[in-house]
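>>> Predicted model, plus sequence, below.
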There are 2 protein chains.
Amino acid sequence: MSHTAELIAVGTELLLGNIANTNAQTLSQALSALGIDVFWHTVVGDNPRRLAQAVDIARRRADILITTGGLGPTYDDLTKQTVCAAFGKPLELHPDILEEIRVFYESALHVPMPENNAQQAMLPEGCTVFDNPVGTAPGCAFSAGGVHVLMLPGPPHEMETMLRRCAVPYLRSLSREVIVSRDIMTFGMGESSVDALLHEKMARMENPTLATYAKPAEVRLRATAKAAGQAEAEAMLSPVVEQVCALLGDIVYGVDVKGLEETCFRLLKERGWTLATAESCTGGLVAQRLTALAGASAVYRGGVVSYWTDVKASVLGVPRETLDACGAVSEECARAMARGARRITGADIAVSVTGTAGPDPDERGTPVGIVFIGLDTPTGTFCRRVDAGRRRRDRIQSLAANHALDVVRRYLTGLPVA
Amino acid sequence: MSHTAELIAVGTELLLGNIANTNAQTLSQALSALGIDVFWHTVVGDNPRRLAQAVDIARRRADILITTGGLGPTYDDLTKQTVCAAFGKPLELHPDILEEIRVFYESALHVPMPENNAQQAMLPEGCTVFDNPVGTAPGCAFSAGGVHVLMLPGPPHEMETMLRRCAVPYLRSLSREVIVSRDIMTFGMGESSVDALLHEKMARMENPTLATYAKPAEVRLRATAKAAGQAEAEAMLSPVVEQVCALLGDIVYGVDVKGLEETCFRLLKERGWTLATAESCTGGLVAQRLTALAGASAVYRGGVVSYWTDVKASVLGVPRETLDACGAVSEECARAMARGARRITGADIAVSVTGTAGPDPDERGTPVGIVFIGLDTPTGTFCRRVDAGRRRRDRIQSLAANHALDVVRRYLTGLPVA
């Protein structure tokens, strides 16, 4: 049988915007991987009346109800009392848990247990107890009135630990289906164009499904299959992924990779090549994205952030005549920057970025959004001109960094780069 | 009169856990600052039946209803149709908006408008239109049946821009109270220590209130006053801000600034000085944060990402003997990197970062989390050693970048840097 879950997060700090509800994201990913549909997330404050109302609504539209938060020792931690009252479950004292909490305080924290912690040892009658190895508030699960109720703690690291160790095994025992997803990553086409290409296909699909998620100039397509087993789900996905990749062509830069930098990293590693960067308007963003990957030093030597024109000349060796004649935002300068970065670092290839990130045009009047990407390689120097339009500064920088990585990706896969 | 708001986020990607509902956090902060209570957050997928149900529930318990998401051009963007149907509001075409979208595509993005974008120009009859200067989907607001309905786009940067420019002024006009906040930014002390210093003061305060928000090694203190007018609220805040700054001393790096880079930018600009960077384990992050600021070229000349040891020697001129004797993660190397960056760029001061970001120790066995910050200045070379501990790679990189900026900040304000 197929299950539907609703997540209820309890905590006034969420309603005040002090923290984001990342627990809902973590739980949703875990439930999706278990083949359990999540149709609702609800957030309420530390208020028993509204929590009771949320539980009342949720139990009518879901058969798995997962709460996060409100299990602690303070006066506003009311989740257990409220949820148990809604399901007519009495709370009972677990002396062994009380003892564990006392020991945790005395041996790990070296202080006596504050008395208000005793309420954490009160749990629903006949429940499954979820241990909390990284905190004091245990979680629990019980079934009542055809609904499975799980109560997990609010602090994300406690919730994640309990989810992995206790809640996932508990939920897996309820379900028979698996859900598997593949992410097809594209760069170079807007969401509405990708959508237009795939619209007919997407509208017709029910299992697997296909959905698009867009960032500027980057579109992720997620294909998701539901089946009785992992192998069956994967077999359903393969032809869909193949067809979508064939329809979209070389804008697809990878399947199940996190970003263009990961594809570049893999391609460089396969060849045993190293890369260098020379950045002006992106100010180090390309380097930062590459070095965010663990093990980046296998493929990335380093680079120069040549923000001032003088630095382009003195460190990268861009000829003064080029800078005088063409300006810093020019094809010629981009090419010379890439050549300079490759020469001074000894990398196999080097990519450069120079452009106008705004908010104002450069001193020669180059409009905001004009960017040149240079690439110097053993087989020649290349350049791509990008018009990012009058976007916000950070968007232009991010788009320009993506173009730089895309130029590297296309060169290494034998595609034209410009 | 006092208002109650409910937030409804629309998007299957939220229910699948692909993204966290950060819009709810941003909106909650803004509403809290306006003195509007938020009692519920709800998340539904791209499903008109469940969205209609969510609206039906929400309008019975809140008098301000704010949706995010589902305003885009694709077939699953159904928020306007569904919400308008629930309130009996017809949609009507706004030819001027259609024209704006067409112009945005043609003049800013330099491509023709895909036809499915036309549905973004369909808006509720008689609504207030919220312009979207950073995307194509406009938002809107209308009142019906005693409820104020606001529809905002899903992509966070579009939502935030529209919130600031349109939704906040709209909501402010519904209320009679003014809420004003000041953010006191600190670096160098953990949240619990800051909390301990201010605890007595915070517990006693009701208006203005004082709240702490923590990121690793950075604590933001927000003082918030509620009053009948702006001037009155500001007069209430000034002594609180003064007292808190006095209590915390030189860990305060600014009031109402976005980050350490902004403080560095201002201090450099005041002196008419320029800065250069030399980065190893942060891989360009310090440069990227500085160049994310509009007008960065007034104070930032450029830098080197010397990821490989060879690049430290060949580009920055770190002596081979230093590298052989002390290793790349050392005080000596950090100092030499800073000197090299200052020399080759001609900047007034230069800051360097070298360390072990992990996940593994370096080839000399330096533990993960050890970082050296170098600073070369007209009055000498300085160094700060940081032990960031066995944190995650991105945390170490971010903390190291903060330390580098903090060293610059402290030097420029005449404080000891180490």
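Now that the structure is in, tell me what you want to look at.
>>> any low-confidence regions in the stretch 201-350 of chain A?
For the stretch 201-350 of chain A, residues meeting the criterion pLDDT under 70 lie at A:203, A:216-217.
>>> Doesn't A:Ile373 belong to a strand?
Yes. A:Ile373: assigned to a strand according to DSSP: H, G, I helix; E, B strand; the rest coil.
>>> quick check: domain ranges of chain A?
A:4-172, A:178-255, A:260-412 (automatic domain parsing).
>>> Can you spell out which helices and strands pack onto the helix or strand hosting A:Met337?
A:Met337 is part of helix A:331-345 when elements are defined by DSSP states H and E. Judged by 3 or more Cβ pairs under 8 Å, 6 or more residues apart in numbering or on different chains; DSSP states H and E, helix A:331-345 is in contact with strand A:275-279, strand A:300-305, helix A:309-314, helix A:320-326, strand A:349-355, strand A:370-377, strand A:380-387, helix B:309-314. In short, each C-beta sits where N, CA and C put it, glycine included.
>>> Recalculate using a threshold of 6 Å.
Here helix A:331-345 touches strand A:275-279, strand A:300-305, helix A:320-326, strand A:349-355, strand A:370-377, strand A:380-387, going by 3 or more Cβ pairs under 6 Å, 6 or more residues apart in numbering or on different chains; DSSP states H and E.
>>> Which positions within that helix qualify as buried?
For helix A:331-345, a neighbour-count test (16 or more other Cβ atoms under 10 Å in any protein chain shown) marks A:331-342, A:344-345 as buried.
>>> any chance you could map the strands in the stretch 51-200 of chain A?
For the stretch 51-200 of chain A, the strands defined by DSSP state E, counting those that start in this stretch cover A:64-68, A:91-93, A:122-124, A:128-130, A:139-144, A:147-152, A:178-187.
>>> Please produce a markdown table containing these, extended by distance to A:Gly389, mean pLDDT and mean neighbour count.
Rendered in a markdown table, the data for the strands of the stretch 51-200 of chain A read as follows (distance: least, Cβ to Cβ, whole Å; pLDDT from 0 to 100; neighbours: other Cβ atoms under 10 Å in any protein chain shown):
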| stretch | distance to A:Gly389 | mean pLDDT | mean neighbour count |
| --- | --- | --- | --- |
| strand A:64-68 | 42 | 98 | 27 |
| strand A:91-93 | 60 | 92 | 13 |
| strand A:122-124 | 57 | 94 | 20 |
| strand A:128-130 | 51 | 95 | 17 |
| strand A:139-144 | 50 | 96 | 20 |
| strand A:147-152 | 45 | 97 | 24 |
| strand A:178-187 | 16 | 90 | 21 |
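>>> so which of those strands comes closest to chain B?
When these are compared by Cβ to the nearest Cβ, strand A:178-187 sits nearest chain B, at 8.1 Å.
>>> Let me see the contact set for the closest residue in space to A:Arg384 that isn't next to it in sequence.
Leaving aside its chain neighbours, A:Arg384 sits nearest to A:Ile373 (4.4 Å; criterion: Cβ to Cβ, 6 or more residues apart in numbering or on different chains). Going by Cβ atoms under 6 Å, 6 or more residues apart in numbering or on different chains, A:Ile373 touches A:Val353, A:Arg384, A:His403, A:Ala404, A:Val407.
>>> And the pLDDT for A:Ile373?
We have a pLDDT of 98 for A:Ile373.
>>> How about the contacts made by the closest residue to chain B within the stretch 101-250 of chain A?
Proximity of the stretch 101-250 of chain A to chain B (Cβ to the nearest Cβ) peaks at A:Ser192, 4.2 Å away. When contacts are counted by Cβ under 6 Å, 6+ apart, A:Ser192 touches B:Pro73, B:Pro114, B:Asn116.
>>> my read: the last one touches B:Asp77, true?
No. Using Cβ atoms under 6 Å, B:Asn116 makes no contact with B:Asp77, being 9.5 Å away.
>>> between these two, which one's more packed in?
Taking other Cβ atoms under 10 Å in any protein chain shown, B:Asn116 and B:Asp77 do not tie; B:Asp77 has more neighbours (21 against 17).
>>> give me phi/psi at the more buried one?
Main-chain torsions, B:Asp77, degrees, to the nearest 10: phi -90, psi 90.
>>> so who does it touch?
The neighbourhood of B:Asp77, defined by Cβ under 6 Å, 6+ apart, consists of B:Gly70.
>>> before we move on, what about A:Tyr253?
Counting by Cβ under 6 Å, 6+ apart, A:Tyr253 makes contact with A:Met185, A:Phe187, A:Leu260, A:Thr263, A:Arg409.
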